[in-house]
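Engineer: prediction below, plus the sequence it came from.
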Amino acid sequence: MATPNANDVAALTDAVNRKLPPEWARYPGGWPGQIEAALVDAVLSIRATYGQPHNGVRGAVARWREHRGGDLAAVLHNHRKVSGRTLKAEAIVSAADALVKVGVRHSGDFDAASPAQRKAYIGVPGLGPVTWSYLGMLAGAEGSRRTPG
């Protein structure tokens, strides 16, 4: 493979500068300050279509935010399972209970770097390190990223 010369690099740089916006818009997604919505989103996103504001995961989170009560699976219109055995709604409730037991009662209590909180979350059958990292991103936690194992 030939080493690129200065003309190749200049041509590539010019093309990138012409095609891409000069400044990227900040990602407005997630649920900073809303740990409950972030948790619902993270769990429902497992093997799911994110959808539009009225359907998919986004629609389910919107319905939950509107109703916040009753049978969670019915409110979410979601009877899918994690790991083939537990309803996602049950996993959400179990994760919420586990996080409360380690002191997470409000968004300000959530710490994506906390080993105890991570262990509580991934201790729920069907939930793991990838959705834990996603929960951190959705919650707006500083430095959240996908971490191994």
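Structural biologist: Received the coordinates, thanks. Numbering: from 1, shown residues only.

Engineer: quick one: what helix or strand has the spatially most central residue of the chain in it?
Structural biologist: The C-alpha lying nearest the average C-alpha coordinate of the chain belongs to Y134 (C-alpha atoms, centre = their mean; 3.4 Å). If you go by DSSP states H and E, Y134 is part of helix 129-139.

Engineer: for that helix, buried residues please.
Structural biologist: In terms of neighbour count (16 or more other C-beta atoms under 10 Å), helix 129-139 has its buried residues at T131, W132, S133, Y134, L135, G136, M137, L138, A139. Using the backbone N, CA and C atoms, a C-beta is placed for each residue, glycine as well.

Engineer: using PDB, write down the CA coordinates of it.
Structural biologist: Listed in PDB are the C-alpha atoms of helix 129-139, where the atom choice follows Å, rounded to 0.1, in the frame of the first residue of the first chain:
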ATOM      1  CA  PRO A 129     -22.700  -3.800  31.400                       C
ATOM      2  CA  VAL A 130     -23.700  -2.500  28.000                       C
ATOM      3  CA  THR A 131     -27.100  -1.300  29.200                       C
ATOM      4  CA  TRP A 132     -25.500   0.000  32.400                       C
ATOM      5  CA  SER A 133     -23.200   2.200  30.300                       C
ATOM      6  CA  TYR A 134     -26.200   3.300  28.200                       C
ATOM      7  CA  LEU A 135     -28.100   4.200  31.400                       C
ATOM      8  CA  GLY A 136     -25.200   6.400  32.400                       C
ATOM      9  CA  MET A 137     -25.200   8.100  29.000                       C
ATOM     10  CA  LEU A 138     -29.000   8.600  29.100                       C
ATOM     11  CA  ALA A 139     -28.800  10.000  32.600                       C
END
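
Engineer: hang on, isn't the residue nearest to the centre of the chain packed against V43?
Structural biologist: No. With contact defined as C-beta atoms under 8 Å, Y134 does not reach V43; the gap is 9.3 Å.

Engineer: tell me the SS of N78?
Structural biologist: coil (DSSP: H, G, I helix; E, B strand; the rest coil).

Engineer: pLDDT score assigned to it?
Structural biologist: What the model reports as pLDDT for N78 is 86.

Engineer: got a list of what the residue nearest to the centre of the chain touches?
Structural biologist: Contact analysis of Y134 by C-beta atoms under 8 Å, 6 or more residues apart in numbering lists A42, S45.

Engineer: good, we can wrap up now.
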